[in-house]
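>>> 3D, please:
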Amino acid sequence: MNDCIFCKIIDKKLPAEIVYEDDLVIAFPDITKLAPVHILIIPKEHIVSINDLHDGVVGEGLAGRLIMVAKKLAEQKGISHSGYKLLFRVGRDGNQEVPHIHLHLIGGALLSEDIHPVE
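Numbering: from 1, shown residues only. Got it, this is the predicted structure:
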């Protein structure tokens with residue numbers, strides 16, 4: 001998708017600090033940090049939201065891959081033992097700002113029930 005900011009990052013047309021990359025997934029820090037560690041994990045394939053994943057091996061495999069990459073990054077960032085949040089936002093009411101599936105890895109501090117940007 002030509003106007004998708006995440007696709008531009010995947011295609012290296014926009015700069016980002018890539019903290020993880022493999023054949024299916026890429027990860028980079030969110031520009032609006034909600035905690036000391038706030039990383040977005042996204043599929044390289046443009047899929048608008050969780051609602052656009054299909055039942056079966058491909059959809060489940062991709063969702064599982066995003067979660068496993070988040071787990072690996074939490075370990076690398078030293079937050080796996082203290083805890084972290086994984087968050088998918090879906091659609092307008094879910095406050096999904098970019099129409100490309102992305103998993104938020106949020107941690108490095110005691111997290112409240114509410115999710116607000118860090119000052």
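
>>> okay, CA-based contacts and neighbour counts for the rest of this
Fine.

>>> what helix or strand is residue 15 on?
Using DSSP states H and E, residue 15 maps to neither a helix nor a strand.

>>> give me the number of residues near the nearest residue to it once chain neighbours are set aside?
Nearest non-adjacent residue to residue 15, counting by C-alpha to C-alpha, 6 or more residues apart in numbering: residue 9, 6.3 Å away. A count of neighbours around residue 9, defined by other C-alpha atoms under 10 Å, yields 18.

>>> residue 9 and residue 58, how far apart?
23 Å (C-alpha to C-alpha, to the nearest Å).

>>> so what strands line up beside the lengthiest strand in the chain?
As assigned by DSSP state E, the longest strand anywhere in the chain is strand 37-43. Partners of strand 37-43 in the sheet, by DSSP bridges, are strand 25-29 (antiparallel), strand 103-107 (antiparallel).

>>> low-confidence ranges, this structure, go.
For the chain, applying pLDDT under 70 flags the ranges 1, 57, 114-119.

>>> in this structure, where's the longest helix?
Ranked by number of residues, the top helix in the chain under DSSP state H is helix 57-76.

>>> thinking again about what came up before, can you classify the residue nearest to residue 15 by secondary structure?
helix (DSSP: H, G, I helix; E, B strand; the rest coil).

>>> hang on, it packs against residue 16?
Yes: Residue 9 is within contact range of residue 16, at 6.5 Å (criterion: C-alpha atoms under 8 Å).

>>> residues touching residue 67, list them.
By C-alpha atoms under 8 Å, 6 or more residues apart in numbering, the residues touching residue 67 are 86, 103.
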